[in-house]
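*Asks:* Return atomic coordinates for the entry below.
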Amino acid sequence: MANVRDLKKDINYVLGDIIEAVYVWEYSNTDKDTKQSEAIIDEAIVTFDELIAKVNIKHIENPKAHFKSVNEELETKGRALIEKINKLG
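*Replies:* Coordinates of the predicted model:
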C-alpha cells in the first residue's frame, strides 16, 4: 500500500466502475425492472462511505495493518457487488 491517497483513489475507482457497470446494464436492459440494480448502486454507495470513513480514522495503533484490512474489505465487497451485477437477469 503506497499511501492513503492511493487507497482512497482505489476505493473511488472500484466502486465508481461498479456503479457505471450497473448503469450500462440498465441502459442495455430498458425492458427489465431496475429495483435490483438500484439496490446494487445503493449498496456500492454505502460501501464507499463505510470504507472512506475507515480510511479517515486517526490515531490507529498499526496503520499498515489497518489500511491492508480496508483494502481487503474493498476487494471482498467489490467482488460481491460484481457477482450481483452478473446475476441481474
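*Asks:* Tell me if I'm right that L15 and D42 touch.
*Replies:* No: the pair L15 / D42 is not scored as a contact, 11.7 Å apart, by C-beta atoms under 8 Å. No exception for glycine: its C-beta is placed from N, CA and C like everyone else's.
*Asks:* From G89, how far out is the residue nearest to the spatial centre of the chain?
*Replies:* For the chain, the residue nearest the mean C-alpha position is L15 (3.5 Å; C-alpha atoms, centre = their mean). The gap separating L15 from G89 is 23 Å, by C-beta to C-beta, to the nearest Å.
*Asks:* Contacts for the helix or strand where E50 lies, please.
*Replies:* Here E50 is covered by helix 35-55, with elements defined by DSSP states H and E. The contact list for helix 35-55 (C-beta atoms under 8 Å, 6 or more residues apart in numbering) reads 4, 7-8, 11-12, 15, 18-19, 22, 25-26, 66-67, 70, 73-74, 77, 81, 84-85, 88.
*Asks:* what residue of the chain is the furthest out?
*Replies:* For the chain, the largest distance from the centre (C-alpha atoms, centre = their mean) belongs to D31, which lies 26.4 Å off.
*Asks:* That residue: what secondary structure?
*Replies:* coil (DSSP: H, G, I helix; E, B strand; the rest coil).
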